[in-house]
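Participant: Pasted the sequence and its predicted model underneath.
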Amino acid sequence: MTSESGNSEVLSFDGEPGAAWRGKVIWVVAAVVLLGLVVGGVRLLVRPAGPLPPPEGPWPMTGEYTVMLCSGQCPAPTREQRAAIEARLRAMPQVETVEFESRQDAYDRMAREGAGLLGLPLHYLKADDMQESYRGRLRTSERAQAFTGEVGRLPGVAMARVNRTWFWKGKADVAVLLCQPPEERMEDHLMNDYRTVGDRPKDPCEGRGGVTREERDAVAARLAAIDGIRALYFADEKHSRKVRAHLDGDDDFQSAIAPPGKGNGGAAGFWIKIDDTLAVPAIRRAVTDLPGVSLVFRVADRVSFAAGPRSGGYSGV
């Protein structure tokens with residue numbers, strides 16, 4: 001706008017032109033704030049403010065079964081008894097698949113999936129040391145104890161076991177377990193890349209007590225500062241024991257939880273859902289050396305073997 005003298009009018013906070021200018025400024029500021037909220041919202045999704053309680057569910061009712069055949073501890077099954085065991089399994093409506101695993105098959109599976117994970121040096125094992133078994137998938141693992149009780153009483157069966165689908169499968173990508181009190185810890189321990197046996201480091205929880213609140217909070221703060229984390233959960237010892245009871249086929253896992261004690265899988269820890277696989281090495285670098293951290297692992301590495309025999313690295317599932 002031009003004044004009568006021909007000079008350009010200076011924008012004023014009092015006049016009409018000033019109000020228009022102020023409106024533009026307000027619009028720009030509002031746009032910047034809105035952009036900040038959007039960016040901040042994304043940031044909150046990537047960097048959660050703090051640990052959440054574990055998801056309420058679902059608690060999967062699918063799973064797998066293992067029927068170990070007698071070998072040494074009881075008379076080995078006859079051909080007729082083997083046929084009866086297999087026929088009974090195939091007739092059970094909850095059983096989806098039935099596969100026979102020979103001693104050699106069991107040895108090969110251990111070499112392929114579990115030797116490093118469990119810290120088992122294979123040169124001390126032979127195929128003859130393994131047990132024959134029937135294995136397969138279950139359509140449902142409800143009433144798991146009735147299943148194992150019935151199958152376990154068949155002649156030639158040493159033991160029947162149900163392992164439900166792991167609670168954390170699909171809910172988390174990385175786990176950071178914390179030190180347990182000495183009276184609850186397992187005998188052995190596997191740290192970080194526990195598929196390598198010969199060079200695994202010393203147990204970081206050896207010679208100390210359980211994790212303190214201050215140590216736990218320090219781990220949480222370090223995790224919350226890492227880019228690429230979508231959700232950060234904290235599961236206490238009680239929840240971990242419930243997860244263990246569920247995995248082991250306890251029908252009353254919600255209430256009949258194993259009491260605290262050595263080998264009961266009661267380690268507290270953080271369970272992390274990530275947006276980017278690049279976050280995994282960042283998590284390990286950030287927390288591995290912090291006091292109170294026991295074990296860091298990818299959940300995907302554990303899923304296929306979560307139902308197997310456990311060493312210290314399995315504590316706190």
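Facilitator: Received the coordinates, thanks.

Participant: Can you report phi and psi for G170?
Facilitator: phi 80, psi -20 (degrees, to the nearest 10).

Participant: all strands for the stretch 101-250 of the chain, in order.
Facilitator: For the stretch 101-250 of the chain, applying DSSP state E, counting those that start in this stretch gives strands covering 133-138, 157-164, 174-178, 229-235.

Participant: Wait, Q94 touches F147, no?
Facilitator: Yes. Counting by CB atoms under 8 Å, Q94 does reach F147; the two are 6.5 Å apart. C-beta here means a position set from N, CA and C on the backbone, and glycine is covered the same way.

Participant: Are there residues contacting both of these two? Which ones?
Facilitator: Contact with both Q94 and F147 is made by residues L138, S141, according to CB atoms under 8 Å, 6 or more residues apart in numbering.

Participant: the more surrounded of the two?
Facilitator: Each of Q94 and F147 has its neighbours counted (other CB atoms under 10 Å); F147 has more, 23 against 17.

Participant: Might you report the residue contacts of that one?
Facilitator: Contacts of F147 (CB under 8 Å, 6+ apart): Y65, M92, Q94, L138, S141, A160, V162.

Participant: Could I get the full set of helices for this protein?
Facilitator: Under the criterion DSSP state H, the chain carries helices at the ranges 16-46, 79-91, 103-109, 115-118, 144-152, 213-224, 237-247, 279-287, 299-303.

Participant: now, of the strands of the stretch 101-250 of the chain, which is deepest in the fold?
Facilitator: Counting by mean count of other CB atoms under 10 Å, strand 174-178 has the highest mean neighbour count of these, with a mean of 25.

Participant: Which secondary structure elements does that one sit against?
Facilitator: helix 213-224, strand 269-274, helix 279-287, strand 293-298, helix 299-303 (3 or more CB pairs under 8 Å, 6 or more residues apart in numbering; DSSP states H and E).

Participant: nearest to A231, of these?
Facilitator: Among the helices and strands packed on strand 174-178, the nearest to A231 by CB to CB is strand 269-274 (4.1 Å).

Participant: contacts for that closest one?
Facilitator: Strand 269-274 has contacts (CB under 8 Å, 6+ apart) with 51, 54, 168, 171-178, 219-220, 223, 228-235, 240, 279-280, 283, 294-295, 299, 316.

Participant: remind me which residues of this structure are low pLDDT?
Facilitator: For the chain, applying pLDDT under 70 flags the ranges 1-50, 112-125, 186-202, 256-265, 302-317.

Participant: Any idea which of the helices and strands packed on strand 174-178 gets closest to D108?
Facilitator: helix 299-303 (19.2 Å).

Participant: before we move on, back to that, export the helices and strands packed on strand 174-178 as JSON lines, with columns for distance to T78 and mean neighbour count.
Facilitator: Below are the helices and strands packed on strand 174-178 laid out as JSON lines (distance: least, CB to CB, whole Å; neighbours: other CB atoms under 10 Å):
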{"stretch": "helix 213-224", "distance to T78": "55", "mean neighbour count": "16"}
{"stretch": "strand 269-274", "distance to T78": "47", "mean neighbour count": "24"}
{"stretch": "helix 279-287", "distance to T78": "50", "mean neighbour count": "18"}
{"stretch": "strand 293-298", "distance to T78": "43", "mean neighbour count": "23"}
{"stretch": "helix 299-303", "distance to T78": "36", "mean neighbour count": "16"}
